[in-house]
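[1] Predicted coordinates and the sequence they were generated for:
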Amino acid sequence: MRGSSKRSFLFLQGPASPFFARLADRLGADGHRIVKLNFHAGDWAYWAPRRALAFRGRLEELPGFLDEVYRRFDISDQVLYGDRRPVHKAAVERAAACGVRTHVFEEGYFRPHWVTLEREGVNARSLLPRDPHWYRQTAARLGTPPETVTFHSPFFIMATHDVLYHTAGLVNPLFFPHYVGHGLLPVVVEYAGYCLRLPRVRLWDKRRDAQRIARLIDSGRPYFVLPLQLNSDAQIREHSSFRDMAEVLTHVVESFAAHAPKDALLVIKNHPLDPGLNRYGAQVKRLARRYGCAGRLLYLESGFLEPLLKYARGCVTVNSTSGIQALGLGCPVKTLSRPIYDLPGLTFQGTLADFWTAGERPDAELFTCFRRVVTYATQINGGFYCEKGIALAVPNSARVLTAERSPLEALQ
C-alpha cells in the first residue's frame, strides 16, 4: 500500500465527539485503509460499531505494540488529538522512528470557527517558523483567503459529549485496567467542581463581574490582564517552566507589586472551564497581603476578555491563545514561555519586570501577516462537537491528511 496513492491511516485517541469516526468514514470511502486503536472505553463508545484494535497493556509496553501495528497494517500515517497525552507521546516518538507521518489535531489557534491540524506536533512542538520576516514574505505570496464559514457550537453539546465519554470510562477497570489518562484529577471530582461552580457563575458572578469590568473601563485607570489557564492544560504542564497556575500567580503578582506603576491594577480572570477547586480568589487575597499590593489586584471569576483586553495596558500569559486575541486587539503582550506567537514585533521580548512600564503595542501589519499564514498553514475551518462544525471539518481535514505535502511544507 505504501507504493500506491492510497494511504493506511491509524487513528488513535480523538476528541470526545463523533468527529474522528466521521473523518475515518470519509477517508475509508475515498479508498484509504483505516485502522483504529482504542485505549479507553470512551474511545470504543464513539467508534462503535466500527471494528477496532484495543491496547490494554501498560504504557511501557505501548512502543512495542505500536511497532507491530505499524508493520502488520503497513501504516503510512497516524492521526491523533493532543500530542502530549501519555498514550500519544510514545506514538509520536515511535512514528518518527518508523517513518510514519503523524497528524495532530488540537483546538484552534483562532477560535471559535477553526481547529488546528499540523504534522508532527502543535503548540510548542509546532513546525511553524519563528522568524517575523518569513511571515511577512509568505503572506505576500498568498492569494485572497476564502471566507470563513461560521457556526454556533453551544457549550452544552461539548459538555454532553464529555459526560458520555467518561461515563463509558466507568468500565475501564474491566476492559482497560492500565489506562493512564491526561487529566490531573479523577473526572468525578472535576464534575463535582463544575456542578458547584457553574451555577454560581451564571446566577451571581456573571452579572457582578460584568459590572466590575464596565466600571474599570469607565474609570480610565491603567490596568493589566492575567488570564488564567487550566492546571490540566499541556501548555502549562509540558510547555512551560511552571508546575501550575498557583506558581504563575505568585510569579506575576510578585513582579507586578515590585515593578508596575503604583496606580495600575492587575486584573486576574479565571478560565471559564476551571472546575473551581483551586480557590483562586482566596489565593489572590493572600498574595496581595504578602506583596503589599492590596487594592491593586482585581479577581474576576467570569466576564468577557475582549473588552478587558481592548483597553488594557498589557496582557501577561504563559502561552494561552488569549495572547493571540490580545494581539489582534492591539494589546501589548508578554509571554512566560514560547508559544507560536512569541515573535519580535508581536510580543514584548524583554523581561516581565520591564514589561509593566515598557510594553509596546504589537505591529498590526505583522499580526495580519502572521494570522493569514498560520490560518493557511495549520487551521481547518470547522469544529469537533456540533453537527455543522463536524460537517465542515471532515472534508476540510481529509484534503489536508491525504495531501503529499502539508500546507506548511508547501509554503517553505
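    Nice, I can see it.

[2] which residue packs closest to Leu327, ignoring adjacent ones?
    The spatially closest residue to Leu327, leaving aside those adjacent along the chain, is Pro362, at 4.8 Å (CB to CB, 6 or more residues apart in numbering). Where you see a C-beta, it was placed from the backbone N, CA and C, and this is true even at glycine.

[3] try Gly193
    The nearest residue in space to Gly193 (CB to CB, 6+ apart) is Pro275, at 3.1 Å.

[4] same deal with Ile236?
    Here the nearest residue to Ile236 in space, its sequence neighbours aside, is Gln229; by CB to CB, 6+ apart that works out to 5.6 Å.

[5] Report pLDDT for the one you found.
    pLDDT recorded at Gln229 is 96.

[6] how many neighbours does it have?
    Gln229 sits with 22 neighbouring residues when counted by other CB atoms under 10 Å.

[7] ok, now how distant is the residue nearest to Gly193 from Asp30?
    As judged by CB to CB, to the nearest Å, Pro275 and Asp30 stand 41 Å apart.

[8] And Arg136, by the same measure?
    Shown here: Arg136 relative to Asp30, a distance of 37 Å by CB to CB.

[9] quick one, which of those two is more surrounded?
    Each of Arg136 and Asp30 has its neighbours counted (other CB under 10 Å); Arg136 has more, 17 against 11.

[10] you'd agree that one is up against Leu366?
    Yes. Counting by CB atoms under 8 Å, Arg136 touches Leu366, with 6.6 Å between them.

[11] which residues touch the closest residue to Ser126 other than its chain neighbours?
    Spatially, and ignoring its direct neighbours in sequence, Ser126 is nearest to Ile340 (5.4 Å; CB to CB, 6+ apart). With contact taken as CB atoms under 8 Å, 6 or more residues apart in numbering, Ile340 is in contact with 109, 123-124, 126, 128, 374.

[12] Report whether the expected contact of Asp263 with Pro222 is present.
    Yes. Assessed by CB under 8 Å, Asp263 is found in contact with Pro222 at 6.4 Å.

[13] Between these two, tell me which one has more neighbours.
    Pro222 (15 against 9).

[14] Could you count how many residues lie near the residue lying closest to the more buried one once chain neighbours are set aside?
    Using CB to CB, 6+ apart and skipping the chain neighbours, the partner closest in space to Pro222 is Ala264 (4.5 Å). As a burial measure, Ala264 scores 17 neighbours (other CB under 10 Å).

[15] The residue nearest to Gly193: neighbouring residues, count only.
    Using other CB under 10 Å, Pro275 is surrounded by 20 other residues.

[16] What of Asp131?
    Neighbour count of Asp131, defined by other CB under 10 Å: 12.

[17] Provide a list of residues in contact with it.
    Counting by CB under 8 Å, 6+ apart, Asp131 touches Leu343.

[18] Please read off the pLDDT at it from the model.
    pLDDT for Asp131: 97.

[19] Could you report the distance from it to Cys369?
    12 Å.

[20] try Val188
    To Cys369, Val188 is 46 Å away according to CB to CB.

[21] So for these two, which residue has more residues nearby?
    Taking other CB under 10 Å, Val188 and Cys369 do not tie; Cys369 has more neighbours (22 against 10).

[22] what's the burial count for the nearest residue to that one once chain neighbours are set aside?
    The shortest distance from Cys369 to any non-neighbouring residue, by CB to CB, 6+ apart, is to Ala139 (3.7 Å). Applying other CB under 10 Å, we find 19 residues neighbouring Ala139.

[23] can you tell me which residues contact Ala139?
    Counting by CB under 8 Å, 6+ apart, Ala139 makes contact with 368-370, 372-373.

[24] For it, what is the enclosing helix or strand?
    Assigned by DSSP states H and E, Ala139 falls within helix 132-141.

[25] Give me the buried positions along the next helix or strand after that helix.
    Using DSSP H and E, the helix or strand that follows helix 132-141 in sequence is helix 155-168. The neighbour-count check on helix 155-168 (16 or more other CB atoms under 10 Å) flags 157-159, 161-162, 165-166, 168 as buried.

[26] now stretch 142-154
    The neighbour-count check on stretch 142-154 (16+ other CB under 10 Å) flags 151, 153 as buried.

[27] End to end on that stretch, go ahead and measure it.
    Terminal residues of stretch 142-154 are spaced 33 Å apart (CA to CA, to the nearest Å).

[28] which residues touch that stretch?
    Contact with stretch 142-154 is made by 112-114, 372-373, 375-376, 381-383, 385-386, 388-389, 392, as judged by CB under 8 Å, 6+ apart.

[29] Out of those, flag the one nearest to Gln283.
    Closest to Gln283 out of the contacts of stretch 142-154 is Pro112 (29.5 Å), distances taken as CB to CB.

[30] Test for you: state the pLDDT assigned to Lys310.
    We have a pLDDT of 97 for Lys310.

[31] One more: Ala140?
    Ala140 is assigned 96 on the pLDDT scale.

[32] one step back: tabulate the contacts of Ala139 (a markdown table), appending secondary structure.
    Shown next, in a markdown table, are the contacts of Ala139 (DSSP: H, G, I helix; E, B strand; the rest coil):
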| residue | secondary structure |
| --- | --- |
| Thr368 | helix |
| Cys369 | helix |
| Phe370 | helix |
| Arg372 | helix |
| Val373 | helix |
